[in-house]
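Asks: sequence unknown, structure follows:
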């Protein structure tokens with residue numbers, strides 16, 4: 001017997017409420033999609049992502065329209081109104097249909113007594129149009145702390161950065177260099193009527209003009225290509241992979257960078273992929289199996305080296321450190337609702353802990369690439385500055401590349417520059433002397 005489905009707006013409101021209660025969209029959305037008709041699943045995702053992306057701007061409008069705040073137990077109606085305002089401001093659906101279906105959803109949620117309020121608020125919003133936001137955080141739809149922090153950190157770039165966070169992200173592919181080359185795969189895409197172009201910086205990257213299901217991509221199931229943002233692909237251009245090297249991908253899940261290392265490096269690399277979550281490790285295995293590649297997989301805290309390291313130094317280490325995700329907000333707009341300002345200090349301490357611990361596993365002359373998908377200096381070049389002060393054997397390798405901004409201690413990419421995500425990279429080499437000046441690349 002088929003499961004009974006629920007109205008689209010009811011489920012969308014419940015998904016947004018779950019995010020406000022601390023769940024990520026990745027946690028809340030799958031169960032929500034099981035409760036709507038299959039034909040509504042893509043619409044549910046669009047409503048949920050859009051409502052989170054524009055939440056701060058929509059909520060500012062809603063606050064002005066409500067005479068008094070809704071009770072905590074009616075949070076789901078607040079979310080329902082956010083979903084409806086998102087549609088009124090950002091969709092092509094007829095206004096009367098949005099209003100009528102939202103009022104009906106209010107009744108379906110067991111709040112019949114609030115149906116008149118919902119109807120009145122939305123009809124006023126339809127009649128009056130969107131009010132001009134009072135402040136930059138409302139206009140650009142980000143939490144105040146994040147807006148202020150980025151304005152302080154990047155006074156010339158903060159507004160374009162926040163604007164880029166509100167745009168839909170591109171779909172970018174990484175061609176498997178062991179199976180084909182980029183020009184050949186571009187021809188295959190053209191034959192499949194999928195317009196695309198080569199990425200400007202990642203040598204194996206292809207950006208699609210429009211996202212499409214992966215089952216439409218030629219040879220995807222056979223490992224000819226993977227979905228990976230251009231910024232994330234750049235790690236292999238910095239590792240300088242050489243034959244016979246031992247390579248560690250720390251914090252490896254879901255395995256995209258592990259796959260890139262194996263695809264683009266020499267055939268005789270010995271690669272270890274490490275992650276602290278046993279639940280995420282199968283995803284690495286699935287991705288490598290699809291690509292026809294293999295690595296040693298291990299579950300452990302990368303910073304607790306006594307639990308997993310065999311004592312043999314690594315020639316190359318990629319540390320894609322846990323971070324705020326502030327560079328990938330356009331892909332994960334729930335970050336605006338979930339992340340708190342005091343998270344950044346805790347994340348910075350964890351990043352420095354991991355970097356310091358993994359340094360001891362790096363061979364003399366070996367290279368460590370530090371990466372985050374953050375745009376906060378506290379997680380990026382300031383971590384490198386702190387580490388260099390603590391570790392006299394560390395040498396900073398200047399990044400000679402046409403992408404990103406040279407901070408003096410690494411390169412910072414912003415979302416929207418060339419359509420890639422926000423990312424940070426720094427390259428460090430371990431010396432046998434105790435003077436940590438920069439070295440030539």
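Replies: Nice, I can see it. Bear in mind that the values here come from a model prediction, so they are computed numbers and not experimental data.
Asks: just for this protein, where's the confidence low?
Replies: Scanning the chain for pLDDT under 70 picks out 1-3, 417-418, 434-441.
Asks: okay, now the domains of it?
Replies: Listed by automatic domain parsing, the domain ranges of the chain are 8-134, 136-166, 172-227, 230-430.
Asks: can you give me the end-to-end distance of the third one?
Replies: Spelled out, that is domain 172-227. Counting by Cα to Cα, to the nearest Å, you get 6 Å between the two ends of domain 172-227.
Asks: export the domains of the chain to TSV and tack on mean neighbour count?
Replies: For the C-beta atoms, the positions are set from N, CA and C on the backbone; glycine is no exception. Shown next, in TSV, are the domains of the chain (neighbours: other Cβ atoms under 10 Å):
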stretch	mean neighbour count
domain 8-134	18
domain 136-166	18
domain 172-227	17
domain 230-430	19
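Asks: can you pull out the helices in the stretch 301-441 of the chain?
Replies: 335-338, 343-359, 381-390 (DSSP state H, counting those that start in this stretch).
Asks: most centrally placed residue in this protein?
Replies: Residue closest to the mean C-alpha point of the chain, counted by Cα atoms, centre = their mean, is residue 328 at 3.6 Å.
Asks: I figured that one hits residue 420, correct?
Replies: No. Contact criterion Cβ atoms under 8 Å: residue 328 and residue 420 do not qualify, at 10.3 Å.
Asks: joint contacts of those two?
Replies: In terms of Cβ atoms under 8 Å, 6 or more residues apart in numbering, residue 328 and residue 420 are both contacted by the residues residue 229.
Asks: on that earlier part again, just tell me which of the helices of the stretch 301-441 of the chain ends up closest to residue 320.
Replies: When the helices of the stretch 301-441 of the chain are compared by Cβ to Cβ, helix 343-359 sits nearest residue 320, at 10.1 Å.
Asks: name the helices or strands packed onto that closest one?
Replies: Contacts defined by 3 or more Cβ pairs under 8 Å, 6 or more residues apart in numbering; DSSP states H and E place helix 343-359 against strand 246-250, strand 314-320, strand 362-372, helix 381-390.
Asks: how about these in a markdown table, adding distance to residue 302?
Replies: Shown next, in a markdown table, are the helices and strands packed on helix 343-359 (distance: least, Cβ to Cβ, whole Å):
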| stretch | distance to residue 302 |
| --- | --- |
| strand 246-250 | 4 |
| strand 314-320 | 8 |
| strand 362-372 | 12 |
| helix 381-390 | 15 |
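Asks: for residue 146, find the nearest of those.
Replies: strand 362-372 (15.8 Å).
Asks: partners of the closest one in the sheet?
Replies: strand 314-320 (parallel), strand 423-430 (antiparallel) (DSSP bridges).
Asks: for residue 126, which of the helices and strands packed on helix 343-359 is the nearest?
Replies: Taking Cβ to Cβ, strand 362-372 is the member of these nearest to residue 126, at 42.6 Å.
Asks: using a markdown table, please lay out the helices of the stretch 301-441 of the chain together with distance to residue 96.
Replies: Formatted as a markdown table, the helices of the stretch 301-441 of the chain follow (distance: least, Cβ to Cβ, whole Å):
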| stretch | distance to residue 96 |
| --- | --- |
| helix 335-338 | 30 |
| helix 343-359 | 42 |
| helix 381-390 | 52 |
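Asks: so which residues of this structure form strands?
Replies: With DSSP state E as the definition, the chain shows strands at residue ranges 172-175, 196-198, 205-208, 225-227, 246-250, 270-275, 296-299, 314-320, 362-372, 394-397, 405-406, 411-413, 423-430.
Asks: relative to residue 79, which of those is closest?
Replies: strand 225-227 (29.8 Å).
Asks: give me the contact list for that closest one.
Replies: With contacts defined as Cβ under 8 Å, 6+ apart, strand 225-227 is touched by 171-176, 185, 206, 214, 217-220, 256, 259-260, 287, 291.
Asks: which of the residues you listed fall within helices?
Replies: Among the contacts of strand 225-227, DSSP state H puts 185, 256, 259-260, 287, 291 in helices.
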